[in-house]
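# what shape does this take:
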Amino acid sequence: MAIRILGVDPSLRCSGYGLIDVEGSRMRAVAWGIIKNKPELPISTCLLNIHRELSEKIELWQPNQAAIENMFFFKNPSTAIRLGEARGAVLLALSLQLPEVYGYEPRKVKQSIVGRGSATKPQVQMMVRQLLGLQGEKLSADAADALAVAICHAFAKASPVFRSEPL
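Numbers count the residues shown, from 1 in each chain. Alright, predicted model coming up:
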């Protein structure tokens, strides 16, 4: 039986999402894209938009599991706060409809996809395309990051060594 995993790369202005089906060692991309907010929108409107759009996608696609990219170190506190707010809107949408939500550090996601925790966005994008057979498809960096989070979760769930705990 296939497991459907929704991966999310949260951001206030451009959150990526990616949905994959996993059956045994096979992975297939189902859907991907971005939730975009215009720079002139107030933060509260952006958060509501993220929550609403993601909730609609969850209802439509009915994932079994979800994974989100965790926050990492920021030099600018206001950037960290904005990302935390976006992440909160994403976590609320996921938690209201799914029993468990998992979080992964950016370095762990890159390590599982590319083999190096310091991989660049283009390297992650290239490997996501390769792993999911998306060579001819349009794939933004944010959507690729979200698909990478979903793939990382699939690898973690299949690994007897790497343990992942729900948030």
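# grab the nearest non-local neighbour of residue 109.
Residue nearest to residue 109 in three dimensions, not counting chain neighbours: residue 152, with 4.5 Å by Cβ to Cβ, 6 or more residues apart in numbering. Using the backbone N, CA and C atoms, a C-beta is placed for each residue, glycine as well.
# quick one: least confident helix or strand in the protein?
Confidence across the helices and strands of the chain bottoms out at helix 77-97, with a mean of 92, counting by mean pLDDT, DSSP states H and E.
# which residues of the chain fall in strands?
3-9, 14-23, 26-36, 65-69, 101-104 (DSSP state E).
# let me know which of these is the nearest to residue 75.
Closest approach to residue 75 among the strands of the chain is made by strand 65-69 (18.3 Å; Cβ to Cβ).
# tell me the strands beside that closest one, with direction?
With DSSP bridges as the test, strand 65-69 is paired with strand 3-9 (parallel), strand 101-104 (parallel).
# mean neighbour count and distance to residue 39 for those - can I get that in CSV?
CSV is the format used below for these (neighbours: other Cβ atoms under 10 Å; distance: least, Cβ to Cβ, whole Å):
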stretch, mean neighbour count, distance to residue 39
strand 3-9, 25, 19
strand 101-104, 21, 27
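# so which of those comes closest to residue 55?
strand 3-9 (11.5 Å).
# C-alpha coordinates for that closest one, PDB please?
Provided in PDB are the C-alpha atoms of strand 3-9 (Å, rounded to 0.1, in the frame of the first residue of the first chain):
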ATOM      1  CA  ILE A   3       2.100   6.100   1.700                       C
ATOM      2  CA  ARG A   4       1.300   9.700   0.700                       C
ATOM      3  CA  ILE A   5       3.700  12.200   2.200                       C
ATOM      4  CA  LEU A   6       3.300  16.000   2.100                       C
ATOM      5  CA  GLY A   7       6.500  18.000   2.500                       C
ATOM      6  CA  VAL A   8       6.600  21.700   3.200                       C
ATOM      7  CA  ASP A   9       9.300  24.300   3.100                       C
END
